[in-house]
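Colleague: sequence and predicted structure are below.
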Amino acid sequence: MILWNLIRVMPAEGTRMEQSTPFRAIHLPIGPIPIPHAVRFMRVVADFCILGGGIAGLTLARSLSASGRTVAIVERDVAGRGAGYAAAGMLAPLVEARVEEREVVGFGYRALLHYPEFVADLEAESGMTVGYRTEGTLIVGVDRDDTEAIRHQFQEHQELGLPVEWLSGYECRKMEPCLAPGIPGGVFSPRDHQIDNRLLLEALRISLHRRDHVTIIEGAGDGAIVETGAGAGYVAGELTVEAGHLIIATGAHGELLGPLGLGGAIRPVKGQIIRLDQSSMPLLDHVVRSPEMYLVPKLDGTVVLGASSEDRGFDPSITAGEILELLRAAWECVPGIYELPIVETRVGFRPATIDHAPMLGGSGVDNISLATGYYRHGILFSPYAAEILAAYLLRGDESEWLTTFSPGRFHATSTERLSC
């Protein structure tokens, strides 16, 4: 059981609160956590203000605060309970690689190489494990059409020089005996890994909670970016945050991008997922994917089955049709899932840009940067992107990725300067 104040405005230099905030307690999977019922009469001053308490915002806060600078995270709802919580935790830049997305593939591979060091450091900081697994990922087809699609994808992987291998149906079933007998073949990617995304988010919150110069504000609701004498600020109701630099990491919520000339650059892509319990009947050790679904086994005995991909805005409904299609696709690949209990269904909203590449770096407005648009790869991209952006904001270190994924590519004129 973990109990903490998620609103912690500490008396560290550069950070202060002018009135306390009322709380109520609710029960969440990691224990009863006090969360704010409303933010009232709060003023916070910090070196950096991060808008968004998801995986992108939390990793960035960790990287920036490592320097000793004060950081305030403002979350409209509950930190760590958005798309990153709904995700499956796949670290899979290779199996999803496409020739036309070379930059995204390259960035994803660098992010994957960064992960072992990131995990080791975070586990030491938080005192907990985060379920990082390196068994690899298997992509299989259940019929001729699936297999042809996978072969075409494999050819693209070879063109990109990726370390993947083609397996026969027998070799696939030797790796995962519970696959359907008729599986004709597939691709194995030993370097596509996974992590328990929920443990990861919990570890990040613990790590940040132990830093007195980090402030996490939840339940802030919607607000607006404002100019301040120090740089940029954020106002939501009676909450005011003043910072030298502001970073937008609000995921699929792109409302704040319009005044920056980036309206419409981000849209939510809805994904429905199912969690199954295989603890009494273990079926899988590796991540198993087909063209229609993925199955991701976790160390706690659950298996994540996902995910739909729907352009339906922020529609939170679980629909019978999408759930049926996911279960059908999974059953055709691994028939044993028919017997597994369903323990959870959930919806998440992936932040997709127009070109499906991240928005990382300066916004085109002084003292405002972006760390968003990670689409299907939020868990994979966030730690590496946080290090790159923090190095630039703290020391001025340039990176090719800040040029490649500059938000300026979505401006009508890349040199246009807009005011909040």
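Modeller: Everything's here; your move.
Colleague: and Leu276, bridged to which residues?
Modeller: Bridge pairing for Leu276 (DSSP bridges) gives the partners Val303, Ile342.
Colleague: pretty sure it contacts Glu339?
Modeller: No: using C-beta atoms under 8 Å, Leu276 makes no contact with Glu339, being 9.6 Å away. C-beta coordinates here come from the backbone N, C-alpha and C atoms, glycine included.
Colleague: more neighbours, those two?
Modeller: With neighbours defined as other C-beta atoms under 10 Å, Leu276 and Glu339 compare such that Leu276 has more, 22 against 11.
Colleague: which residues touch the more buried one?
Modeller: Listed by C-beta atoms under 8 Å, 6 or more residues apart in numbering, the contact set of Leu276 reads 302-303, 305, 337, 340-343.
Colleague: among the residues you listed, find me the one that's closest to Ile150.
Modeller: The shortest approach to Ile150 among those belongs to Leu305, at 19.0 Å (C-beta to C-beta).
Colleague: A strand includes the closest one, no?
Modeller: Yes: Leu305 forms part of a strand when assessed by DSSP: H, G, I helix; E, B strand; the rest coil.
Colleague: which residues does Met359 contact?
Modeller: 262, 265-266, 353, 370-373, 405-407, 410.
Colleague: please, where are all the helices along the protein?
Modeller: Residue ranges of the helices in the chain, as given by DSSP state H, are 55-65, 83-86, 102-126, 144-159, 169-175, 197-209, 320-333, 378-395, 400-404.
Colleague: kindly write the PyMOL command that selects the buried subset of the contacts of Leu276.
Modeller: Buried residues within the contacts of Leu276, by 16 or more other C-beta atoms under 10 Å, are selected in PyMOL with:
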select buried, resi 302+303+305+337+340
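Colleague: the nearest residue to Glu165 once chain neighbours are set aside pairs with what?
Modeller: Closest residue to Glu165 apart from its sequence neighbours, by C-beta to C-beta, 6 or more residues apart in numbering: Phe188 at 5.4 Å. Going by DSSP bridges, Phe188 is paired in beta bridges with Leu138, Glu165.
Colleague: Ala79 against His209, yeah?
Modeller: No: counting by C-beta under 8 Å, Ala79 sits too far from His209 to count as a contact (10.5 Å).
Colleague: neighbour count: the two, which is higher?
Modeller: Legend: neighbour count by other C-beta under 10 Å for Ala79 and His209, higher for Ala79 (27 against 16).
Colleague: that one and Leu51, how far apart?
Modeller: In this view, Ala79 and Leu51 are 12 Å apart by C-beta to C-beta, to the nearest Å.
Colleague: what do the two both touch?
Modeller: Here Ala79 and Leu51 have Gly57 as joint contacts, going by C-beta under 8 Å, 6+ apart.
Colleague: quick one: pLDDT of the residue most central in space within the chain?
Modeller: What sits nearest the mean C-alpha location of the chain, by C-alpha atoms, centre = their mean, is Gly378, with 2.9 Å. The confidence metric pLDDT takes the value 97 at Gly378.
Colleague: check Gly231 too.
Modeller: Looking at Gly231, its pLDDT stands at 89.
Colleague: cool, and Asp196?
Modeller: 98.
Colleague: so it touches Met128, yeah?
Modeller: No: the pair Asp196 / Met128 is not scored as a contact, 10.4 Å apart, by C-beta under 8 Å.
Colleague: who has more neighbours, the two?
Modeller: The neighbour comparison of Asp196 against Met128 (other C-beta under 10 Å) goes to Asp196, with 23 against 15.
Colleague: look up the closest residue to that one, ignoring the ones flanking it.
Modeller: Excluding the flanking residues, the one nearest Asp196 by C-beta to C-beta, 6+ apart is Gly131, at 2.9 Å.
Colleague: let me see the contact set for that neighbour.
Modeller: 89, 195-196, 199-200, 298-300.
Colleague: nearest to Asp397 among these?
Modeller: Distances from Asp397 to the contacts of Gly131, taken by C-beta to C-beta, are shortest for Leu200, at 25.4 Å.
Colleague: quick check: the residue nearest to the closest one when sequence neighbours are not counted vs Phe405, distance?
Modeller: Spatial nearest neighbour of Leu200, chain neighbours left out: Val130 (4.7 Å); criterion: C-beta to C-beta, 6+ apart. With distances taken as C-beta to C-beta, Val130 is found 26 Å from Phe405.
Colleague: which one's more surrounded, these two?
Modeller: Ranked by neighbour count (other C-beta under 10 Å), Val130 and Phe405 place Phe405 first, with 27 against 20.
Colleague: what sits against the more buried one?
Modeller: 103, 107, 357-361.
Colleague: narrow those residues to those that are buried.
Modeller: 107, 357-361.
Colleague: against Ala243, how distant is the closest residue to Val226 other than its chain neighbours?
Modeller: Spatially, and ignoring its direct neighbours in sequence, Val226 is nearest to Gly233 (4.8 Å; C-beta to C-beta, 6+ apart). According to C-beta to C-beta, Gly233 stands 6 Å off from Ala243.
Colleague: now for these two: what residues contact both?
Modeller: Common neighbours of Gly233 and Ala243 (C-beta under 8 Å, 6+ apart) are Cys49.
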